[in-house]
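Asker: How does the following fold in three dimensions:
(chains A and B)
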Number of protein chains: 2
Amino acid sequence: MKQIESIKEFDGFLNRYTHFSDSCQCEMTFSVYLPPQAETQAVPALYWLSGLTCTDDNVRVKAGAQRYAAENGIALVMPDTSPRGDEVADEPDRYDLGKGAGFYVNATQEPWVKHYQMYDYVTAELPNLIEQNFPVMAGVKSISGHSMGGHGALICALKNPGAFRSVSAFSPICHPTQCGWGQGCFTAYLGEKNQSDWASYDAVELIENGASCEHILVDQGTADEFLTEGQLQPEALQKACDDNGINLQLRMQDGYDHSYHFIATFIGEHIAYHTKALSQK
Amino acid sequence: MKQIESIKEFDGFLNRYTHFSDSCQCEMTFSVYLPPQAETQAVPALYWLSGLTCTDDNVRVKAGAQRYAAENGIALVMPDTSPRGDEVADEPDRYDLGKGAGFYVNATQEPWVKHYQMYDYVTAELPNLIEQNFPVMAGVKSISGHSMGGHGALICALKNPGAFRSVSAFSPICHPTQCGWGQGCFTAYLGEKNQSDWASYDAVELIENGASCEHILVDQGTADEFLTEGQLQPEALQKACDDNGINLQLRMQDGYDHSYHFIATFIGEHIAYHTKALSQK
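Answerer: As a prediction, this is how the structure comes out:
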């Protein structure tokens, strides 16, 4: 693991690292914000999974999250959205497949299978690396994300009961097996006919098949163009949660779009929500 | 004036416009954040001048200022840093001359003189346009900025006593006639021999020649590479203020760099500072 950047912010440090990932078989980049409290004690960690086209950089520049992380003494862990490098399979003409679009699944199909193992990366390899190398409390972590990363946060929490103290999402792709973005990536990464593989990475299907968690917080803007397009389908998540006794707090935020300006508006409330769960003994 | 974007943020609206500028003789783009209070009353305005390479977009995405503007009921006005367009003179290989580097002066030299009239644009044309078209209080405005824009904020306030209720800056280019960035632009825009023109756009020289203002707030990171390079020279501003009875609050912020992460850390304090001045009857 090699530190490539360290920027002081809100009296803590926004650091960036590269390392060779065993899961993804390539150099991966991630950022960690360590609040000032981390200089003297171990702190809880909030993992943030980003959306299509993003790297680790978008959230750290645009969300305004570091202020709240510093106030609450929470580390932020910000992975990239896909494997990277010249040797990594890609569809350069598409923003919604290949690099920047890992979809937080373990690919099974050629040419993706070698590097696109983002599910293992964000749920196992990266947390292990973080807990071994940073002043964070072992196992005291929560997860959130945006759009494709909101999908990622939901499935990571649903598939790993107890691993995350809390889960939230902004504008998540709730039902990827039933929308264009998800179908495109799942077909490529998981194969056209592997419907059970598909279901194992779909929040709605996971819940319908018995996966559960105590509580989910979701913010969704009503002026989000991708909501209208049917890419996000929060109503399917609401139905699955209602049918299966999961306490979903779905907040339809009037007039907000899909951008980081929307995230910036409500990230403070999400961090307060996670801080509460992360502070419980 | 044409609205090209409107994004809801912190219950207010981040809007973007283009208009033909009489000063710059080209289409100019600017952004305005209107806090929720502006829906029912006129609000004060804080002008933000950005640094080299920026457009109106950097600050609105990276600084986290809208949160504080919404809390305090302040509009943010964010102009571009130079004229734009295919017909506008440029040095495409340089980030520190031409487009993105207007330096907030009125150029007198060819080929810059036709379009590079940024001083008139930000001190007269844009405020008039804003006060005619937006729910802002006439004449109740303050100014701040970063780096080249910090220089801009200082000279706009010093050259227009009473026009701005308060002035602050992050990492300003305090003494452009004595640093590489300033000398490069002043030579091009104002001519090599026009030393009195040069002095009229240099905060230190303006103060030494009698310009004044009640109070100036400046934040400067100690780990700023451009401080070490001698581009910023806050010590010259300090000396000029000390010698001429100006109350400069220069805060050397330990370990902070030149980036928007630094700005994000302290922008809340700057907006509180301006809000206090803007709220006085």
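Asker: tell me the contacts of whichever residue of the stretch 51-200 of chain A sits closest to chain B?
Answerer: Closest approach of the stretch 51-200 of chain A to chain B (C-beta to the nearest C-beta) occurs at residue A:64, with a separation of 4.2 Å. Placement of C-beta: from N, CA and C, glycine included. Residues in contact with residue A:64 (C-beta atoms under 8 Å, 6 or more residues apart in numbering or on different chains) are A:264, A:267-268, B:64, B:67, B:264.
Asker: possible to save those residues as a markdown table with distance to residue A:174?
Answerer: Listed next are these as a markdown table, based on distance: C-beta to C-beta, whole Å:
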| residue | distance to residue A:174 |
| --- | --- |
| A:264 | 22 |
| A:267 | 20 |
| A:268 | 23 |
| B:64 | 29 |
| B:67 | 28 |
| B:264 | 31 |
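Asker: now that we have the residues you listed, which one has the most neighbours?
Answerer: residue A:267 (27 neighbours; other C-beta atoms under 10 Å in any protein chain shown).
Asker: Can you mark which positions in the helix or strand where it lies are buried?
Answerer: Taking DSSP states H and E as the criterion, residue A:267 maps to helix A:260-279. Using 16 or more other C-beta atoms under 10 Å in any protein chain shown as the test for burial, helix A:260-279 gives A:260-268, A:270-271, A:273-275, A:277-278.
Asker: The worst-scoring helix or strand of chain A on mean pLDDT: what's the following helix or strand?
Answerer: Within chain A, no helix or strand scores below helix A:195-199, which has a mean of 92 by mean pLDDT, DSSP states H and E. Counting by DSSP H and E, the next helix or strand C-terminal to helix A:195-199 is helix A:203-208.
Asker: which strands and helices sit next to the helix or strand just after that following helix?
Answerer: Downstream of helix A:203-208, the next assigned helix or strand under DSSP H and E is strand A:215-221. When contacts are defined as 3 or more C-beta pairs under 8 Å, 6 or more residues apart in numbering or on different chains; DSSP states H and E, strand A:215-221 sits against helix A:148-159, strand A:168-170, helix A:234-243, strand A:247-253, helix A:260-279.
Asker: Which of those sits closest to chain B?
Answerer: Using C-beta to the nearest C-beta, the nearest of these to chain B is helix A:260-279, at 4.2 Å.
Asker: Measure how that closest one sits relative to strand A:215-221, angle-wise.
Answerer: Here helix A:260-279 points in a direction 170 degrees away from that of strand A:215-221 (axes from the mean of the first three to the mean of the last three C-alpha atoms, to 10 degrees).
Asker: Need the CA coordinates for helix A:260-279. PDB is fine.
Answerer: C-alpha atoms of helix A:260-279 as PDB (Å, rounded to 0.1, in the frame of the first residue of the first chain):
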ATOM      1  CA  TYR A 260     -23.900  15.700  -5.800                       C
ATOM      2  CA  HIS A 261     -25.700  18.900  -5.000                       C
ATOM      3  CA  PHE A 262     -28.500  16.700  -3.900                       C
ATOM      4  CA  ILE A 263     -26.100  14.500  -1.900                       C
ATOM      5  CA  ALA A 264     -24.500  17.600  -0.300                       C
ATOM      6  CA  THR A 265     -27.900  18.700   0.900                       C
ATOM      7  CA  PHE A 266     -28.600  15.600   2.900                       C
ATOM      8  CA  ILE A 267     -25.200  13.900   3.600                       C
ATOM      9  CA  GLY A 268     -25.100  15.500   7.000                       C
ATOM     10  CA  GLU A 269     -28.400  13.700   8.000                       C
ATOM     11  CA  HIS A 270     -27.000  10.400   6.600                       C
ATOM     12  CA  ILE A 271     -23.800  10.800   8.600                       C
ATOM     13  CA  ALA A 272     -25.800  11.600  11.700                       C
ATOM     14  CA  TYR A 273     -27.800   8.500  11.100                       C
ATOM     15  CA  HIS A 274     -24.700   6.300  10.700                       C
ATOM     16  CA  THR A 275     -23.000   8.000  13.700                       C
ATOM     17  CA  LYS A 276     -25.900   7.000  15.900                       C
ATOM     18  CA  ALA A 277     -25.600   3.300  14.800                       C
ATOM     19  CA  LEU A 278     -21.800   3.300  15.000                       C
ATOM     20  CA  SER A 279     -21.800   4.800  18.500                       C
END
